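Asks: Quick one: sequence plus predicted model below, questions after.
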Amino acid sequence: KTVAGEIPVHALETQLSDCDLAVRVRRGWLTQNTNKSLSGLPMQGFDYKSVHGVCAEMVVGYVPLPVGVAGPLLLNGKQYQ
């Protein structure tokens, strides 16, 4: 229905009432319309409900960011660990 224009791509979460399904459908739609693969962009393992209507539109995946620990750190003459 998305490809046929019956459901707007930006409204999939609301129309389908399933954020994970909306992401899968949107990825398929995007791949079909751009002829580009999203295989390098993770999809599973993220809580898409947590960003619906809050901070992202037309979500198609997520980018995992590595987090490290730095220190000891000298900042304005004060040492932090």
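Replies: Perfect, I can see it now. Being a predicted model, the structure only gives us computed values, none of them experimental.
Asks: wait, residue 29 sits on residue 7?
Replies: No: at 9.7 Å, residue 29 does not count as touching residue 7 under the criterion of C-beta atoms under 8 Å. All C-beta spots, glycine's among them, are computed from the backbone N, C-alpha and C.
Asks: Using CSV, write down the CA coordinates of the biggest helix by length in the chain.
Replies: Assignment by DSSP state H gives helix 19-34 as the longest helix of the chain. These are the backbone C-alpha positions of helix 19-34, laid out as CSV (Å, rounded to 0.1, in the frame of the first residue of the first chain):
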residue,chain,number,x,y,z
CYS,A,19,7.0,0.7,14.9
ASP,A,20,9.3,-2.3,14.0
LEU,A,21,7.0,-3.2,11.1
ALA,A,22,7.0,0.4,9.9
VAL,A,23,10.8,0.5,9.8
ARG,A,24,10.9,-2.8,7.8
VAL,A,25,8.3,-1.5,5.3
ARG,A,26,10.0,1.9,5.0
ARG,A,27,13.3,0.2,4.3
GLY,A,28,11.7,-1.9,1.6
TRP,A,29,10.1,1.2,0.1
LEU,A,30,13.3,3.2,0.2
THR,A,31,15.4,0.4,-1.3
GLN,A,32,12.8,-0.1,-4.1
ASN,A,33,12.7,3.6,-4.8
THR,A,34,16.4,4.4,-4.7
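Asks: Pull out the buried residues from that helix.
Replies: 19, 22-27, 29 (16 or more other C-beta atoms under 10 Å).
Asks: Adding distance to residue 71, write these out as JSON lines.
Replies: What follows is these, written out as JSON lines (distance: C-beta to C-beta, whole Å):
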{"residue": "19", "distance to residue 71": "37"}
{"residue": "22", "distance to residue 71": "41"}
{"residue": "23", "distance to residue 71": "37"}
{"residue": "24", "distance to residue 71": "41"}
{"residue": "25", "distance to residue 71": "44"}
{"residue": "26", "distance to residue 71": "41"}
{"residue": "27", "distance to residue 71": "39"}
{"residue": "29", "distance to residue 71": "45"}
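Asks: can you tell me how far residue 24 sits from residue 43?
Replies: 7 Å (C-beta to C-beta, to the nearest Å).
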